[in-house]
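*Asks:* show me how the following folds:
(one chain, ligands or ions: 1)
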Amino acid sequence: MGSTAGAFKNSAMVCAPLMARSVEQMVIDMHSAKAQGADVVEVRLDYIHDFQPGQDLETIIRNKPLPVIIVYRPKWEGGQYEGDEHKRLEALRLAHDLGADYIDFELKVASELIGELENKHRNGGKVIVSSYLNGATPSKEKLGDLVASMQATGADMIKVVSNADDITEMERIFYLLSHCEVPAVAYSVGERGLISQLLCPKFGGALVYGSMEGNSIPGLPTLDSLKEAYKVNCIDSDTKVFGLVSKPVSHSKGPLLHNPTLRHANFNGIYVPMFVDDLKKFFDVYASPDFAGYSVGFPYKEAVVQFCDEVHPLAKSIGAVNTIIRRPGDGKLIGYNTDCEGSITAIEDALRDQKYVNGRSLNSPLAGKQFVVVGAGGAGRAIAVGARSRGARLIVFDIDLERAKCLARAVSGEARHFESLEHFHPENGAILANATPIGMHPSTERIPAAEETLGNYQLVFDAVYTPRKTRLLKDAAAAGAITVSGVEMFLRQAIGQFNLFTGREGISSISPFYQYFRSSSKLVQCIENLIVCNNIVSVLSSMIEMTSVLSLSAYSSEGLHAEDCSSQILICCTI
Ligand SMILES: O=C1C[C@@](O)(C(=O)O)C[C@@H](O)[C@@H]1O
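*Replies:* Presented below is the predicted three-dimensional model:
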């Protein structure tokens, strides 16, 4: 795909589709949408019960606080309206006459209706010609033909909506947006299509759709996330795209963390969730310099290694990559692993904080310890290799014994079948690390190990970070173990990714800052202040040069709290 982006740079409007059942509620929703940051609202007449065109349209148009798009979608185009077609078209004509800013005509009826409007005089209201494709996004050629026929109707704006089967279809949508001669809206619904919404301003799209708080529409980002987290109005054709390649992907807090941080660092970039089904297809299609780097999540951390042109030695020794950068000079994909340091330093610091000093080595509190890793996938490999590098003795559990054996060989450890974990009795002072998705939303009641054995561990770490306090961590804390949340690992690996994305520093640059603040009495003071006043922004701003505090406050409203503040400070200090 070429790196050409659209000509309507930065002109996209954020649009809230409204589907209230009554006109009164529609008016209330128009005002709420404005308060939530919408630039324009799309009023779906087909959702209004007992719709009376004459009076209801007047009420809507007289009370509109924002430009309004009037849509009266029939069943035959995926809408709710089943009545007489003549009456439907009459209502649309009336909306135009009453001064609606935009009227949406389906392609099938557009030529005739636009012709009529041309014959009367047009009153300034614009016409959007829309086409809802039943199924996947067609080829570029077919889309091109469709767009040509839509433009030929005399549309002021065109709108194409598809149902994506695969994220790679979005490349055709971006091509459409950047090559259309009139303002265009094009997107796919659903998780696989989300990037068509988020990246549409980069490619010249005219509208980005967002749902209102409490009125979420499946597959649409919220107005708030568009305005606050993604700041879609700041995107232009030069914006570099970073994405989380994963499946599932919607649980990730990465966008909430990386987007404000990129902005704070004045880096023209956006970080988006990418629901990927087929890695090869994905990397083949998104090969332009616009797509500058990726986080790699479950289940692809190992599989993605083969798609990297070069792999950093640490990632190679782990056999898993969680960060990919497209090297600016030659476009090659370079793979890294920031999970390893992220998880191991989180565990080490928790042990040090508990004033545990290992008898045999002062270098790492993990030296000589029995270290139980559950899950031999990408995250498990990073944790196991990291623990081994600190001198721990590994036992690897997995439902696939061969996979466990393979990792055990790499770290000179033992392999066991997952089922035997229930009866496993660890040594005194052992560490347990869960590197499986067990306990992650939505199956939050599950734990990977038997509850009765948790008290035998000195420390229990969970790589799952949604929810922040997993059931495993709660049970382990109740049993007296030190617990380390996946949030710690998440934040630390994200710092490494951020440095790589922005080309600032290498992954190893995390520790000097952290070392400084960890040993500093200021940190203790700061933690106490944070816990007392719980105001991260004010405490940190008085203490260190302000950095990405914005991202932290955004994140804290999503479930990050003062208790996680060692990493919050870490993040602030490294950016
Ligand atoms: O483990 C994680 C977390 C992550 O998957 C996420 O949920 O954002 C992103 C990965 O790159 C990282 O290694």
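*Asks:* straight-line length of stretch 32-48, end to end?
*Replies:* Across stretch 32-48, the terminal residues are separated by 18 Å (Cα to Cα, to the nearest Å).
*Asks:* list the buried ones in it?
*Replies:* Applying a neighbour-count criterion of 16 or more other Cβ atoms under 10 Å, the buried positions in stretch 32-48 are 32-34, 36-48. The C-beta positions use only the backbone N, C-alpha and C, and glycine is treated the same way.
*Asks:* residue of the stretch 451-575 of the chain nearest the ligand, please.
*Replies:* With distances taken as Cβ to the nearest ligand atom, the stretch 451-575 of the chain approaches the ligand most closely at residue 493, which sits 4.9 Å away.
*Asks:* try the stretch 251-400 of the chain
*Replies:* residue 297 (2.8 Å).
*Asks:* which one is that residue nearest to, not counting chain neighbours?
*Replies:* On the basis of Cβ to Cβ, 6 or more residues apart in numbering, the spatially nearest residue to residue 297 that is not a chain neighbour turns out to be residue 246, at 3.1 Å.
*Asks:* who's the one you found bridged to?
*Replies:* Beta bridges link residue 246 to residue 275 when assigned by DSSP bridges.
*Asks:* is it correct that it is in contact with residue 301?
*Replies:* No. Because the distance of 9.3 Å does not satisfy Cβ atoms under 8 Å, residue 246 is recorded as not touching residue 301.
*Asks:* which of the two has more neighbours?
*Replies:* Higher neighbour count among residue 246 and residue 301: residue 301, with 28 against 22, using other Cβ atoms under 10 Å.
*Asks:* got a list of what that one touches?
*Replies:* Remark: with contacts taken as Cβ atoms under 8 Å, 6 or more residues apart in numbering, residue 301 is in contact with 320-322, 339, 377-379, 381-382.
*Asks:* kindly recompute the last result at 6 Å.
*Replies:* Residues counted as contacts of residue 301 (Cβ atoms under 6 Å, 6 or more residues apart in numbering) are 320, 322, 378.
*Asks:* same question, residue 374
*Replies:* Taking Cβ under 6 Å, 6+ apart as the definition of contact, the neighbours of residue 374 are 397, 434, 436, 448.
*Asks:* please pick the buried ones from these.
*Replies:* When the contacts of residue 374 are checked against 16+ other Cβ under 10 Å, the ones flagged as buried are 397, 434, 436, 448.
*Asks:* with pLDDT, distance to residue 89 and secondary structure added, can I get the residues you listed in CSV?
*Replies:* Output for the buried ones among the contacts of residue 374, formatted as CSV (pLDDT from 0 to 100; distance: Cβ to Cβ, whole Å; DSSP: H, G, I helix; E, B strand; the rest coil):
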residue, pLDDT, distance to residue 89, secondary structure
397, 98, 65, strand
434, 98, 59, strand
436, 96, 56, coil
448, 93, 60, coil
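*Asks:* which of those residues sits closest to residue 424?
*Replies:* When the buried ones among the contacts of residue 374 are compared for distance to residue 424 (Cβ to Cβ), residue 397 comes out closest, at 7.7 Å.
*Asks:* for that closest one, give the beta-bridge partners.
*Replies:* Counting by DSSP bridges, residue 397 is bridged to residue 374, residue 416.
*Asks:* what residues are up against it?
*Replies:* When the contact criterion is Cβ under 6 Å, 6+ apart, the partners of residue 397 are 374, 416, 418, 421.
*Asks:* identify the farthest-apart pair in the residues you listed.
*Replies:* Among the contacts of residue 397, the pair separated by the greatest distance (Cβ to Cβ) is 374 and 416, at 9.8 Å.
*Asks:* picking up where we left off before, so for the residue of the stretch 451-575 of the chain closest to the ligand, what's the pLDDT?
*Replies:* The predicted local distance difference test score for residue 493 is 88.
*Asks:* and the one helix or strand it maps to, what does it pack against?
*Replies:* Remark: residue 493 resides in helix 486-501, with elements defined by DSSP states H and E. On a contact count with 3 or more Cβ pairs under 6 Å, 6 or more residues apart in numbering; DSSP states H and E, helix 486-501 meets strand 323-326, helix 339-353, helix 565-574.
*Asks:* give me the contacts around the second one.
*Replies:* The list of residues contacting helix 339-353 from outside it, by Cβ under 6 Å, 6+ apart, reads 322, 364-365, 379, 382-383, 385-386, 461, 482, 484, 488-489, 492-493.
*Asks:* ok, it near the ligand or not?
*Replies:* Yes. When contact is scored as Cβ under 6 Å from any ligand atom, part of helix 339-353 falls within range of the ligand: residue 339.
*Asks:* show me what the helix or strand encompassing residue 60 packs onto, helices and strands only.
*Replies:* Here residue 60 is covered by helix 53-62, with elements defined by DSSP H and E. Of the remaining helices and strands, those touching helix 53-62 by 3+ Cβ pairs under 6 Å, 6+ apart are helix 85-98.
*Asks:* return the helix it packs on as PDB; C-alpha atoms alone will do.
*Replies:* Extracted in PDB, the C-alpha atoms of helix 85-98 (Å, rounded to 0.1, in the frame of the first residue of the first chain):
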ATOM      1  CA  GLU A  85     -41.200   3.700   0.400                       C
ATOM      2  CA  HIS A  86     -43.100   6.700  -1.000                       C
ATOM      3  CA  LYS A  87     -43.700   8.000   2.600                       C
ATOM      4  CA  ARG A  88     -40.000   7.400   3.500                       C
ATOM      5  CA  LEU A  89     -38.800   9.500   0.600                       C
ATOM      6  CA  GLU A  90     -41.300  12.200   1.400                       C
ATOM      7  CA  ALA A  91     -39.900  12.500   4.900                       C
ATOM      8  CA  LEU A  92     -36.400  12.800   3.500                       C
ATOM      9  CA  ARG A  93     -37.500  15.600   1.100                       C
ATOM     10  CA  LEU A  94     -39.200  17.300   4.000                       C
ATOM     11  CA  ALA A  95     -36.100  17.100   6.100                       C
ATOM     12  CA  HIS A  96     -34.100  18.800   3.300                       C
ATOM     13  CA  ASP A  97     -36.800  21.500   3.000                       C
ATOM     14  CA  LEU A  98     -36.800  22.100   6.700                       C
END
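*Asks:* any idea of the mean pLDDT in the helix or strand following it?
*Replies:* The helix or strand immediately downstream of helix 85-98 is strand 102-106, counting by DSSP H and E. Averaged over strand 102-106, pLDDT sits at 96.
*Asks:* for the stretch 101-250 of the chain, which segments count as helices?
*Replies:* Under the criterion DSSP state H, counting those that start in this stretch, helices of the stretch 101-250 of the chain are mapped to 107-119, 140-152, 170-179, 194-198, 223-224.
*Asks:* what's the angle from the second one to helix 107-119?
*Replies:* Interaxial angle of helix 140-152 relative to helix 107-119 (axes from the mean of the first three to the mean of the last three Cα atoms, to 10 degrees): 30 degrees.
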